[in-house]
Each structure stands twice: as structure tokens, then as C-alpha cells.
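# Fold the following for me, if possible:
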Amino acid sequence: MLYFLNELSDGGDIFNLFRYITFRAGGAFLTALVFGFVFGRPLINFLKRKQIKGQPIREDGPESHILTKAGTPTMGGLLILSALLVSTLCWARLDHGFVWLVLFVTAAFGIIGFADDYAKVTKQTAAGLSGRLRLGIGFLIAAVAAVWAMYLHGLTDAGSEDAALAGRLAVPVFKDALLNLGIFFVPFAMIVIVGAANAVNMTDGLDGLAIMPVMIAGGSFGIIAYVVGRTDFTQYLDVHYVAGTGEITIFAAALIGGGLGFLWYNAPPAAVFMGDTGSLALGGALGAIAVATKHEIVLAIIGGLFVVEALSVIIQVAYFKRTGKRVFLMAPIHHHFEKLGWAEPQIVIRFWIISVILAIIGLATLKLR
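Residues are numbered from 1 along each chain as shown. I've put the predicted structure just below:
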């Protein structure tokens, strides 16, 4: 919205700065950060008043959680989402379809998460909404987003090759590799978005564990969005140009700002949990950005921590049903390390380090051709 202030510029004044994505990304970051600091404590106090018993804790979870985390309010994701949405709407160009696509997925998955958190708090159960209902609605949202993305990828500017991207999957490292999935791109993109949403949701189990990897992945995809949205960078790096994705950088910057504002209160010992409200929304956002920028495979690298967390649950459940035995002491895998005697901060910080390493590897695919 503030982008249009550049129309007041004569080319050499402060209003001219609003033309630049980098300037507006900085503004989005600061806006979301300040929003988090200002409204964080009032929101936590409000949630404490409304959630008398706080977040229900899994009875089969680590014993320490029952003692230390019981009663902590959830739905803290409302703080992140509010900061993220307000900041993006203020600083991004709202005439770009990809911005609205990512905002739609983020808000829609946030609503699913809120409904799930609300059910847990009001019924005082760790179950929440049924898994089938959550997945069904999630896939419906993802289907809309996937078709929308195909449409946006098919829009062609003069002299561009955007139309060649519709329904195609870009393969990192291999130069000009585009796999034509056709209509099957829709179910593929659906799996990416829903998978990312639920993988982040599974990772959110320790204080500060999920939000930092989300910010790292969001920042990485902010860089990718900026690069693939500029013809000069795509020509130099020999990656596929996707017109309009540069504005997603604003969203990514707001995500980092809002995430830091939330982490201030989520750092151990957490004063609030993000809940499914935050984890499903942020995971869905990462999936949507990956689909928009044609870097779905790279998401599996940058978000490798989320992939491992999700796989640990899948492997545990499948193996237990088949043999009656467990592969891990407890799933998701961060609980396995808790059972081994690792301290919570030790697990969290080491997982953060892994996320940084994976992000660097993922970003390296922009140059490796």
C-alpha cells in the first residue's frame, strides 16, 4: 500500500525509496517487529484470562512437559499472523497476485489452526479437530492455491517466458530442467503446501524450536523470491524468471520481524506457545512461497529439519502398526532426544544450527548449475 507513495516523488526525494523492494522489506521487518513487541504482552495477558488452564499437554509426552509447560497459554500464533499480515499489507505492492496467493494460504491455514487450538482449549484435550477434517480442509485450500499459482505462472509479460512455467517443475542444479507435470502439478503443489504446513506443526514441540527454523527458511525464500523476480539476477544465475515474485520478499521480511517479536516471548521458558494457529499458517506460507517461486524441491532442502520431523512420525507410526515396536523412543524426533536425556535448550539450539546449514545448502543451488 505504501508503495504508491512513490507516485509523489519527483525522482530525488524520500518518496522515491518506496519504489525499491529492499527499502520496503526493511520497513516490513521493522513494522512487524515493533508490532510484536507492542502487542505481545497484552495478547499473552488476554490469552491467560481466556484460557484458564492453558495449553493441554499430551499425557504420553515427556514427564518434564507436564510439570513445566502445563498452563502456558497457546494461540500465540495470532501475534505472528497479525504482525505479518498488517506489515505485508502496508509495505507490499497489492497489485501483484503472488502476494495475495501467499496471504490467502497463510490466513486460511491460520484459521484451521485457530479452530484446532480453540477446540483443545475449550475441551481441555490435546486432540483438537479430527486429523481427517484438518487434512481435508487443508487440501481444499491448497487446491485453490495450486490452480491460482498455475494461472499466475501462465501470465506472460512482453518478452518473458512465464507461460513456459505453468504446470512445470523446476529442478535445482540442472540447467534449464523443467519437468512438464501438466495438470498433475496441482496435486503436487497441494502436497507441498499441506506437507509443509503439517511438518512445521509437528516441529513445534519445544520452546523456540519451530519459530527460528521458520524464520531461517522464510529469510532464505525471501532471497530466492527477490532473485527469481529480477531478470538481471536470473540471467546471471541461470535460474527461471518468475515475474512478480519479488514482492514476496516483503512478506518474508515481515515473517522474520513478526517471528522475532514472538520469539521474545516464546524463548525458554515460554510465556506463550504459537499453537497450531501459528505453525500451520507459517508452514503453509513456506509451501506457498516455494510453489510461487518454482523452488518446491529446494524447500525440502532448506526445510530439511521439518522433513525429518515429519518423517520420524510417519516411520514411527508405520513401524509400530506393522511390528508393535518403536523406532524412536518418542516421535517427533525432538522428543526422542529428550528421552535420551538431552536438555531442551541443547536440542533447540542444535536444531537451529542444522537449519542454518540446510539453508546455506539450499541457497547454494541458486549458483550451482
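# Helices of the stretch 201-350 of the chain, start to end?
Along the stretch 201-350 of the chain, counting by DSSP state H, counting those that start in this stretch, helices occupy 211-228, 231-237, 248-266, 275-293, 296-302, 304-323, 333-339, 344-364.
# can you check the stretch 1-150 of the chain too?
Secondary structure of the stretch 1-150 of the chain (DSSP H, counting those that start in this stretch): helices at 21-50, 63-68, 77-91, 97-123, 131-154.
# coming back round to it: so which of the helices of the stretch 201-350 of the chain is nearest residue 120?
Closest to residue 120 of the helices of the stretch 201-350 of the chain, according to CB to CB: helix 275-293, at 8.1 Å. The C-beta positions use only the backbone N, C-alpha and C, and glycine is treated the same way.
# what about dumping the CA coordinates of the closest one to CSV?
Coordinates of each C-alpha in helix 275-293 appear next as CSV, following Å, rounded to 0.1, in the frame of the first residue of the first chain:
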residue,chain,number,x,y,z
GLY,A,275,-0.1,-23.3,18.8
ASP,A,276,-1.5,-24.7,15.5
THR,A,277,-2.7,-21.2,14.8
GLY,A,278,0.9,-20.2,14.0
SER,A,279,2.6,-23.5,13.0
LEU,A,280,0.0,-24.5,10.3
ALA,A,281,-0.1,-20.9,8.9
LEU,A,282,3.7,-20.5,8.7
GLY,A,283,4.2,-23.9,7.3
GLY,A,284,1.6,-23.3,4.7
ALA,A,285,3.2,-20.0,3.9
LEU,A,286,6.6,-21.6,3.2
GLY,A,287,4.9,-24.1,1.0
ALA,A,288,3.0,-21.4,-1.0
ILE,A,289,6.2,-19.4,-1.5
ALA,A,290,8.1,-22.5,-2.7
VAL,A,291,5.3,-23.1,-5.2
ALA,A,292,5.1,-19.5,-6.3
THR,A,293,8.9,-19.2,-6.9
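# Quick check: which of the helices of the stretch 201-350 of the chain is buried the most?
Sort these by mean neighbour count, taking mean count of other CB atoms under 10 Å, and helix 275-293 sits at the top with a mean of 30.
# So, low pLDDT: which residues of the stretch 1-150 of the chain?
Along the stretch 1-150 of the chain, the parts satisfying pLDDT under 70 run over 1, 3-13, 51-70, 125-127.
# now the stretch 251-369 of the chain
Applying pLDDT under 70 to the stretch 251-369 of the chain flags the ranges 369.
# I'd like the distance from residue 349 to residue 94, if you could.
Using CB to CB, to the nearest Å, one gets 38 Å for the distance from residue 349 to residue 94.
# so who does residue 137 touch?
residue 112 (CB atoms under 8 Å, 6 or more residues apart in numbering).
# Same question for residue 298.
Taking CB under 8 Å, 6+ apart, we find residue 298 in contact with 172, 224, 290, 362, 365.
# mind running it again at 7 Å?
172, 362, 365 (CB atoms under 7 Å, 6 or more residues apart in numbering).
# Is it correct that the last one is in contact with residue 174?
Translated: residue 365. No: distance between residue 365 and residue 174: 10.0 Å, which falls outside the contact criterion (CB atoms under 7 Å).
# Neighbour count for those two, which is higher?
Applying other CB atoms under 10 Å to residue 365 and residue 174 shows that residue 365 carries more neighbours, namely 20 against 11.
# I'd like the distance between the closest residue in space to the more buried one that isn't next to it in sequence and residue 182.
Nearest residue to residue 365 in three dimensions, chain neighbours excluded: residue 172, at 4.0 Å (CB to CB, 6 or more residues apart in numbering). According to CB to CB, residue 172 and residue 182 sit 21 Å apart.
# Counting neighbours, go ahead and name the busier of those two.
Set side by side, residue 172 and residue 182 give different neighbour counts by other CB under 10 Å, the larger being at residue 172 (19 against 11).
# what about that one, distance to residue 204?
Going from residue 172 to residue 204 by CB to CB gives 27 Å.
# number of nearby residues for residue 187?
14.
# ok, now residue 273?
Using other CB under 10 Å, residue 273 has 26 other residues around it.
# residue contacts, the nearest residue to residue 352 once chain neighbours are set aside?
Distances taken as CB to CB, 6+ apart put residue 212 closest to residue 352, at 4.9 Å, once the chain neighbours are dropped. By CB under 7 Å, 6+ apart, residue 212 lies in contact with 263, 352, 355.
# 10 Å instead?
Residue 212 is in contact with 259, 260, 263, 266, 267, 305, 348, 349, 351, 352, 355, 356, counting by CB atoms under 10 Å, 6 or more residues apart in numbering.
# and which of the residues you listed is nearest residue 29?
residue 260 (8.6 Å).
# The closest one touches residue 208, doesn't it?
No: in this structure residue 260 lies outside contact range of residue 208 using CB atoms under 10 Å: 11.2 Å.
# so residue 75 sits right up against residue 119, yeah?
No: assessed by CB under 10 Å, residue 75 is found out of contact with residue 119, at 11.6 Å.
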